[in-house]
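K.L.:
Fold the following, please.
(one chain, ligands or ions: 1)
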Amino acid sequence: MKSITIKSPATIANLVCGFDILGLALEAPYDLMKLEKTLKKGLEIIHLDAYNLTTVPENNVAGAALLSLMDVANLAHGFKLTIDKKIKPGSGLGSSAASAAGAVQAANMLLDNQFSQDDLIRFAMNGEKVASGVKHADNITPCLLGGVTLIRSIYPLDIIQVDSPELFITVVHPQIEVKTSDARQILKEEVSLKKAIKQWGNIAGLVAGFMKGDHELIGRSLEDVIIEPVRSILIPAFDEVKKRCIATGALGGGISGSGPSIFMLNKSLETALQVESIMQEIYTRVGIDFKTYVTKLNKQGITQTEEEL
Ligand code: HSE
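P.N.:
The predicted model follows:
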């Protein structure tokens, strides 16, 4: 194979209580990426989207990830990477992870899958470092593997795929910018034991809820006493969105990644659509532009596609 086109999905990191350790993949939106082998060594990057991202490989999220793979792959050829981003950078929907994970997964597919999933996660984290200054894997892992994933540890890497029932997911992306690096800087370094106990009860409950397919347990475990109270201040109308969506029947939800997007998990498509209407009504009234998605849990992660860029 000389060329491959893939779909690299949006992801929701943290899943409210699991800061930096839990994440899930969405069916939509997704980035399209085409990777071609070239006779000329090195890496050329082309962006077809209008996000004005750098195409200097070392400074580009997909480029940094792919270069770290190329460093150890000892290739006799180079690559040309064409990216059409549909996941807006800074949305809280794993835009950088989609770039980083998509680039290394596509390369691995062209290189007869010579690298393991753990290798790919490590390469892709170099892209996350370029994006936010931190190597976190809670977007990269669900993007690569699909479904719900738990990062028990990064050093050494210990990834667990968590079974899950079918879920319908509603997302609203208020069109304001929240940089992950800023949203990390405002967090407190210390956590009280009382809060920690509550938080790990919720994390364990959430994982058990996914594995048992217990929607009610999932819902009541979607509680964050550490990060959300600090970060939610950056998102206009957050409390109202959350309260009214849950009153409408959503299982629960909160900030997607570091925001500003807000997500809600739902048992049925019908509820997911009602939740979308509530989100639309609130941000129309508040006067902030927004985009909404009603989608499903993506169990596949990155996949090859016939779609054209
Ligand atoms: N876990 C990361 C954070 C995800 O919340 O900062 C960023 O997308």
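K.L.:
Tell me the secondary structure at the residue of the stretch 201-309 of the chain found nearest the ligand.
P.N.:
Relative to the ligand, the nearest point of the stretch 201-309 of the chain is residue 257 (3.2 Å; CB to the nearest ligand atom). The C-beta positions use only the backbone N, C-alpha and C, and glycine is treated the same way. At residue 257, secondary structure determined by DSSP: H, G, I helix; E, B strand; the rest coil is coil.
K.L.:
Let me know whether it touches residue 140 as I believe.
P.N.:
No: the criterion here is CB atoms under 8 Å, and residue 257 misses it with residue 140 at 11.8 Å.
K.L.:
centroid residue for the protein?
P.N.:
The chain has residue 11 as the residue nearest its centroid, 2.7 Å off, counting by CA atoms, centre = their mean.
K.L.:
So in terms of bridging, what pairs with that one?
P.N.:
Beta bridges link residue 11 to residue 25 when assigned by DSSP bridges.
K.L.:
Look up the pLDDT of the residue of the stretch 1-150 of the chain found nearest the ligand for me, please.
P.N.:
Residue nearest to the ligand within the stretch 1-150 of the chain (CB to the nearest ligand atom): residue 13, separated by 3.8 Å. For residue 13, the model assigns a pLDDT of 98.
K.L.:
ok, now residue 135?
P.N.:
Per-residue pLDDT puts residue 135 at 89.
K.L.:
what about it, neighbour count?
P.N.:
Using other CB atoms under 10 Å, residue 135 has 16 other residues around it.
K.L.:
Likewise for the one 10 residues further on?
P.N.:
For residue 145, the number of neighbouring residues by other CB under 10 Å comes to 21.
K.L.:
What does the residue nearest to it when sequence neighbours are not counted show for phi and psi?
P.N.:
Counting by CB to CB, 6 or more residues apart in numbering, residue 301 is the residue found nearest to residue 145 once chain neighbours are left out, at 4.9 Å. Dihedral angles of residue 301 (phi, psi; degrees, to the nearest 10) stand at phi 80, psi -140.
K.L.:
how close does residue 170 get to residue 301?
P.N.:
21 Å (CB to CB, to the nearest Å).
K.L.:
Looking at the two, which one has more neighbours?
P.N.:
residue 170 (27 against 22).
K.L.:
Which of the three states applies to the more buried one?
P.N.:
Per three-state DSSP, residue 170 ends up strand.
K.L.:
contacting residues around it?
P.N.:
When contacts are counted by CB atoms under 8 Å, 6 or more residues apart in numbering, residue 170 touches 245, 250, 253, 263-264, 266, 272-273, 275-276, 279, 292-294.
K.L.:
Then residue 183?
P.N.:
231, 234, 258, 259.
K.L.:
Let's have these in a markdown table, adding pLDDT and neighbour count.
P.N.:
Shown next, in a markdown table, are the contacts of residue 183 (pLDDT from 0 to 100; neighbours: other CB atoms under 10 Å):
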| residue | pLDDT | neighbour count |
| --- | --- | --- |
| 231 | 97 | 26 |
| 234 | 95 | 17 |
| 258 | 96 | 25 |
| 259 | 97 | 26 |
